[in-house]
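Peer 1: Could you work out the structure for the sequence below:
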Amino acid sequence: MTIRKFLLVGAASASLIAPAAWAQEATDTAAAAAPDTEADAGTGQIVVTARRRAEELQDVPLAVTVLNAQTIEQTGSYNINRLQQLQPSLQFFSTNPRNSSLNIRGLGVPLGLTNDGIEQGVGIYVDQVFYNRVAAAALDFVDIEQIEVLRGPQGTLYGKNTTAGAINITTRAPSFSYEGKAEISVGNLNFKQAKATVSGPITDRLAIRIGASLTDRQGTIYNVATNQHVNSQDFLGLRGALLWKATDTLSITLAGDYNLQNPNCCAQIYAGYGPTQRPVGRQYPALAALFPGYAVPSTNPYDRLTDLDAQLKARNELGGASLRAEWEVGAGKLTSVTAYRYWDWQPSNDRDFTGLSITPISQNPTQQKQWTQELRYAQTGDTIDFVAGAFGFYQKIHTTGQQVQGADASRWFFTGDSTYGSLASDPSVLDGLTADNDIRLKNWSAALFGQATWHVTDKLDLQPGIRLNYDKKDGSYDSVVTTGTGQLLTFADTSLRARAQRSVLSPQYFQETFSDWNLSYDFTASYHFADTVMGYATYSRGFKSGGLNLNGVPLSSTGVPQTDVATVKPEKVNHFELGLKTQFFDRKATFNLTGFWTEISDYQAIVNNGQNSVLRGYLANADKVRTRGIEWEFNARPHEQISLYYSGAYTDATYRKFENAPCPQERAGGTTATAANPESAAGRPGIPGSPSYSPLTCDISGQILPGISKWAMSYGVEFNVPTALLGGEGQFYIGWDGNYRSKFSSNASRSVYMDIKGYTLNNLRIGFRNRDGLNVYGWVRNIFDKDYMELLATTPSNTGLIAGQPGDPRTYGLTIKANF
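Peer 2: Next comes the predicted model:
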């Protein structure tokens, strides 16, 4: 099927379904998509700043969803993980703040272990400041005005170039009138959340705003080994801003924030066993039986039990400061945004996923610092609007990782091994074996960008954009391995014991540099068929910079790093999009429809080399990836007492050509196949045993990308009844919202064991609010207590053990909010 036919057929089909967008009223930036006592009977004019100027959403030729503060608060969407339940094209996966992936339409970063040397494909901006680390997405929102989710390649308007989209977060600005807001929530699982904001003038030209948020919740998984609940929530967020109206044409905003998470986290549970090509005696059930009395606390993952014997910690600290100056010059505005940010990650993990002392210490403490400078001029004219600017970015990352093997490691790794089996009964071979890793990255990026809109007629606009980008990365990886007696492990020692130790943790060192110039561009034509009907077509040529493999690379038999795979090539993106934006019934209803087709060459993916534990995963390029689909958004307010929305996405995301991919679990772990011993019938998926052979790589061309559901939908409705209570006018209201995601793969190469079933989550809220800002409501999330998995993961050494992370069970509570 051609691109044009796909988009036309998809648009015709999806037009039978209704779409959604929420956002802020142009006449009242605090108004909600959910009805309030002051809203009129229409859906209103939604103002967005996606193109760094205030515009009505329906006039912007771009796939963008806008969520305002009240929608976010009323639905309990206080972080990105919950935000994805309101935006079907958004996917967020996280086993801990560092190991997180944020994708749009299935694109962004590969699902798997984080690699410091790769860039994200979804940009995160807070008050026009670019956040380079996905870890920022793990934090709670503080004092939010609105959030815009932009879909498709970005880069010709502002900031860093991204291939999948951007999340543009705007916080509330300091006010020159006194105002304040307080909120407190309590719920089951000992949930407690408090938020407060105050703002007002210091002088007639200087205003201040200070906000704080505190969240605490008991963990949803119980660790029988430590008698503690784990995967808790523990968050503190502070944000402050000073706004100086220096003149009538110049304003300067100084802002700062501090965020700290320190939960007892992060654990995965036993989710199942999927046989690999290892001999039966070397797979999980047989290995676990080697330890008398050992058994997992439950084989039902929804009992939410684990027995991890290692210390767990996930201390995540982020903060920074920014200075934004906006100066009205001539017919336009000159904007300068200068920012510094830091990230300090201090974890402790149990990476054997069992209660045995196999890998009692696994951690990658990371410190990141970044500096950004953006200078941008935007002008609106009768015939031509334009934006032109420059962006500079520098970051440095230092990771000091450590992995330590325990007393049970020798038996676990070597039992039944044809080479090292004789060492399985000697705990000292691996007990205390330690890898200390020093990983460093310096990254420079600079760009010139511009975009113009030519109003050819009062109905037709043509919009070209261009970006010239330079990127450079310098990185190094240094892994020093010592034995349990403190001796340095090297490749000079060829004894059986040393070779066995290197099969688990192997020393290596390399340095690598990458640099590249790139020219990207886009072109959009939009046409207003009527005052409330606009269509557009877009072509974008985008890119994502090349990366460095900073999780280590495969080694030769003599320990020489294979530096030919130390770098990955840039992604090259061709993106096509058709969009239709409409309002009808006197603007009481909005319907937006988007069809897209994106082709990526040299897609950056995670692969592995199938060893015991030497290398968990490294970056490689998949030749071709394609994602295509239809998105619809609908919201309506047919009556001042009723509002509703329904949005959805159909996404077909596949590897078009990936011939050297990692093999799925059912084909891994056997003897390496050769011409003399090809993959045998005995090595078919699900039939473990000997002899069995596994290919070095697998051809997964045509398979789906991980983490993306073919169908995803969000919906909600709210009814209100005007009521006088406590001497004031207000509303009783009841709201229902939910989301659906069809099944998706949780593995880089699709496995029969690693598909996550589709699920639907529903939430309810009932409350009262008045014109003075008092809002009291009870809420239930996941009201039907649906059991579902957020992700599944294979575990080291191909034993067949599958770890999982169940989603939240039913939660409920009460929230009280007041303005003053």
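Peer 1: can you list the weak-confidence ranges in the stretch 101-250 of the chain?
Peer 2: 112-113, 137 (pLDDT under 70).
Peer 1: and if we set it to 90?
Peer 2: For the stretch 101-250 of the chain, the stretches with pLDDT under 90 are 101, 109-120, 133-142, 155-159.
Peer 1: ranges for the strands of it?
Peer 2: Along the stretch 101-250 of the chain, the stretches classed as strands by DSSP state E, counting those that start in this stretch are 122-126, 129-131, 144-151, 165-171, 179-187, 191-201, 206-217, 221-223, 228-230, 233-245, 250-261.
Peer 1: May I see those strands organised as TSV, with distance to residue 491 and mean neighbour count added?
Peer 2: In short, each C-beta sits where N, CA and C put it, glycine included. Below are the strands of the stretch 101-250 of the chain laid out as TSV (distance: least, Cβ to Cβ, whole Å; neighbours: other Cβ atoms under 10 Å):
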stretch	distance to residue 491	mean neighbour count
strand 122-126	41	24
strand 129-131	41	23
strand 144-151	49	23
strand 165-171	45	24
strand 179-187	56	16
strand 191-201	53	18
strand 206-217	48	19
strand 221-223	39	22
strand 228-230	39	18
strand 233-245	44	19
strand 250-261	40	18
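Peer 1: what's the closest of those strands to residue 769?
Peer 2: Minimum separation from residue 769 across the strands of the stretch 101-250 of the chain (Cβ to Cβ) falls at strand 179-187, 12.4 Å.
Peer 1: Off-centre distance for that closest one?
Peer 2: The chain centre lies 27 Å from the centre of strand 179-187; the measure is Cα atoms, centre = their mean, to the nearest Å.
Peer 1: Show me the shaky parts of the stretch 501-650 of the chain.
Peer 2: Applying pLDDT under 90 to the stretch 501-650 of the chain flags residues 549, 551-566, 605-620.
Peer 1: Strands along that one, start to end?
Peer 2: Counting by DSSP E, counting those that start in this stretch, the stretch 501-650 of the chain has strands at residues 508-530, 533-544, 547-548, 567-568, 571-584, 589-607, 618-639, 642-657.
Peer 1: looking at the strands of the stretch 101-250 of the chain, which is closest to residue 603?
Peer 2: strand 122-126 (14.8 Å).
Peer 1: ok, and what's touching the closest one?
Peer 2: 102-104, 108-109, 130-131, 134, 136-137, 154, 159-160, 162, 164-169, 171, 257 (Cβ atoms under 8 Å, 6 or more residues apart in numbering).
Peer 1: can we see that at 7 Å?
Peer 2: With Cβ atoms under 7 Å, 6 or more residues apart in numbering as the test, strand 122-126 has contacts from 102-104, 108, 130-131, 136-137, 154, 159-160, 162, 164-169, 171.
Peer 1: try stretch 524-540
Peer 2: When contacts are defined by Cβ under 7 Å, 6+ apart, stretch 524-540 is touched by residues 58-59, 61, 152-153, 459-463, 522-523, 575-584, 587.
Peer 1: swap in stretch 416-436?
Peer 2: So stretch 416-436 is contacted by 279, 281-282, 402-407, 409-411, 413-415, 479-484, 497, 500-501, 503-505 (Cβ under 7 Å, 6+ apart).
Peer 1: Give me the ChimeraX select line for those residues, limited to the buried ones.
Peer 2: Listed next is the ChimeraX selection for buried residues among the contacts of stretch 416-436, using 16 or more other Cβ atoms under 10 Å:
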select :279,281,282,403,404,405,406,407,409,410,411,413,414,415,479,481,482,483,484,497,500,501,503,504,505
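Peer 1: spatially speaking, which residue is in the middle of this protein?
Peer 2: Closest residue to the average C-alpha location of the chain: residue 102 at 1.8 Å, with Cα atoms, centre = their mean.
Peer 1: from memory it sits against residue 110, does it?
Peer 2: No - Residue 102 lies out of contact with residue 110 (Cβ atoms under 7 Å); the separation is 11.8 Å.
Peer 1: Of the strands of the stretch 101-250 of the chain, give the one that comes closest to residue 630.
Peer 2: Closest approach to residue 630 among the strands of the stretch 101-250 of the chain (Cβ to Cβ): strand 144-151, 12.1 Å.
Peer 1: quick check: angle from that closest one to strand 642-657?
Peer 2: 40 degrees (axes from the mean of the first three to the mean of the last three Cα atoms, to 10 degrees).
Peer 1: Would you mind pulling up the elements that strand 144-151 packs against?
Peer 2: Other helices and strands packing on strand 144-151, by 3 or more Cβ pairs under 7 Å, 6 or more residues apart in numbering; DSSP states H and E, are strand 64-68, helix 69-74, strand 165-171.
Peer 1: Same list (these) but as TSV, adding distance to residue 657.
Peer 2: Formatted as TSV, those follow (distance: least, Cβ to Cβ, whole Å):
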stretch	distance to residue 657
strand 64-68	31
helix 69-74	40
strand 165-171	24
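Peer 1: From residue 517, how far out is the residue nearest to the centre of the chain?
Peer 2: Here residue 102 is placed at a distance of 27 Å from residue 517 (Cβ to Cβ, to the nearest Å).
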